[in-house]
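**Student:** quick one: sequence plus predicted model below, questions after.
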Amino acid sequence: MGLGRDSIERRAFGTLDDGRPVDEYTLVNGSGMSLSAINLGGIVTAVRVPDRAGRFDNVVLALPTLADYVLRNPNFGTIVGRFANRIAGARLVLDGEVHRLAVNDGPNTLHGGARGFGKRWWRLTPEPASEDGSVSLRLDYESEDGEEGFPGRLAVAVHYTLTADNAWRIDYGASCDRATVVNLSHHDYFNLAGAGSALGQSLTLAASRYLPIDSHLIPVGIAEVAGTPFDFRVATPISARIRARDAQLALARGYDHNWIIDRDGEGVAFAARLHDAASGRVLDIETSEPGMQFYSGNFLDGSLRGAGGTMIRQGDGVCLEPQHYPDSPNRPEFPSTILRPGETFRSSTVYRFGIA
């Protein structure tokens, strides 16, 4: 497939140890914005958008080679599941049965376990061109019953769509043959400047409440953001309060918390805005999910070399992950993440890029 307006290009990206080929597909819209993704983990390796001068940069952190993604990827660009975020004690009880899950984050399960969806091979299929100028890629994965301890076989289909007006839409769908839990999200590290630190960029979160955490980053309740460093209802530089004397910031070494999105009813709604004043780039995030995990890249320690050759340090990218709340399977007061046979899990998120 050739690269051009409203097109999809495929190129070889490498081969896994088991012999499976990994390709990189690049979606391009009529404005020149592009998105690249690979079979491994559905990883998005690049999102190239223009600044106010028309210069294109990759605004997500990426690694140089397939081997880097296999061996040392801290979830750059991955689809995270079967359950995004943490499940306390790596266990859940479903219909009276205890399920022991993979332990990969202290005593907890994080992002589906040691071999969650971000480390699995997905089948990627370009979709027919759309009359509205959008281009789409379908990603399929079948998670076996008992994978990382989760019950039930889960068939997952994800669609990446790049629209004519510079939006990246993700539509998730899943069905199961046995009751299970599902919480899917995308784990991109955004830096709208394209390089350097992202902590000077301004963040808005449409959330008046958030979930305080314990020392294992598990929610302990619900709290108001008013009067705290967690109040982003008005655009605020991330760096403004990240080093404030606050017990919650100390526990997470920065921000690594879930915000409860203020919303009226169901459907896709505005959740967050990230703005880089120097480049003019703006990212608006709309989602059907009830929560937003904001992670300020606290554990990026300079040990990784990025695709551009520079060492990646704390705050060089920030994650904004629409999802259900952490530890929901063990918290009946949180919105349910249970999926049963005959039901279909559906979720949508739109990342809308622009200039301000």
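**Tutor:** Sure thing, it's come through. Values in this document were obtained by computation on a predicted structure and should not be read as measured data.
**Student:** please, where are all the strands along the stretch 51-200 of the chain?
**Tutor:** With strands called from DSSP state E, counting those that start in this stretch, the stretch 51-200 of the chain shows them at 56-58, 78-80, 86-87, 91-94, 97-100, 109-110, 123-126, 135-143, 154-162, 167-176, 180-181, 185-187, 189-190.
**Student:** what's the distance between D132 and S279?
**Tutor:** 28 Å (Cβ to Cβ, to the nearest Å). Bear in mind the C-beta positions are built from the backbone N, C-alpha and C, glycine included.
**Student:** looking at those two now, which is surrounded by more residues?
**Tutor:** S279 (20 against 9; other Cβ atoms under 10 Å).
**Student:** phi, psi of the more buried one?
**Tutor:** Torsion angles at S279 (phi, psi; degrees, to the nearest 10) stand at phi -90, psi -20.
**Student:** which phi and psi does the residue nearest to it when sequence neighbours are not counted have?
**Tutor:** Nearest-residue entry for S279: D51, 3.9 Å, with adjacent residues in sequence omitted and distances by Cβ to Cβ, 6 or more residues apart in numbering. Torsion angles at D51 (phi, psi; degrees, to the nearest 10) stand at phi -90, psi -170.
**Student:** neighbours around D51, how many?
**Tutor:** Neighbour count of D51, defined by other Cβ under 10 Å: 18.
**Student:** residues in contact with it?
**Tutor:** Contacts for D51 (Cβ atoms under 8 Å, 6 or more residues apart in numbering) come out as D57, G194, S279, G280, R281, I355.
**Student:** just the buried ones from these?
**Tutor:** D57, G194, S279, R281 (16 or more other Cβ atoms under 10 Å).
**Student:** quick check: the first one touching R48?
**Tutor:** Read that as D57. Yes: D57 lies in contact with R48 (Cβ atoms under 8 Å); the separation is 6.6 Å.
**Student:** now do stretch 158-177: distance to the chain's middle.
**Tutor:** On the basis of Cα atoms, centre = their mean, to the nearest Å, the separation between the geometric centre of stretch 158-177 and that of its chain is 13 Å.
**Student:** ignore what I typed, I meant stretch 96-111.
**Tutor:** Taking Cα atoms, centre = their mean, the mean C-alpha location of stretch 96-111 is offset from the chain mean by 20 Å.
**Student:** list the buried residues of it.
**Tutor:** Buried, per 16+ other Cβ under 10 Å, within stretch 96-111: H99, L101, A102, V103, N104, D105, N108, T109, L110, H111.
**Student:** got a pLDDT number for the residue nearest to the second one when sequence neighbours are not counted?
**Tutor:** In space, and not counting its chain neighbours, L101 is closest to G149: 3.7 Å by Cβ to Cβ, 6+ apart. Confidence at G149, expressed as pLDDT, is 98.
**Student:** let's have the contacts of D51 in a markdown table, adding pLDDT and distance to Y255.
**Tutor:** Formatted as a markdown table, the contacts of D51 follow (pLDDT from 0 to 100; distance: Cβ to Cβ, whole Å):
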| residue | pLDDT | distance to Y255 |
| --- | --- | --- |
| D57 | 98 | 24 |
| G194 | 97 | 22 |
| S279 | 98 | 22 |
| G280 | 98 | 24 |
| R281 | 98 | 21 |
| I355 | 97 | 26 |
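**Student:** widest-spaced pair of the residues you listed?
**Tutor:** G194 and I355 (13.9 Å; Cβ to Cβ).
**Student:** next, format the contacts of D51 as JSON lines and append distance to A240.
**Tutor:** JSON lines is the format used below for these (distance: Cβ to Cβ, whole Å):
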{"residue": "D57", "distance to A240": "24"}
{"residue": "G194", "distance to A240": "22"}
{"residue": "S279", "distance to A240": "19"}
{"residue": "G280", "distance to A240": "20"}
{"residue": "R281", "distance to A240": "19"}
{"residue": "I355", "distance to A240": "23"}
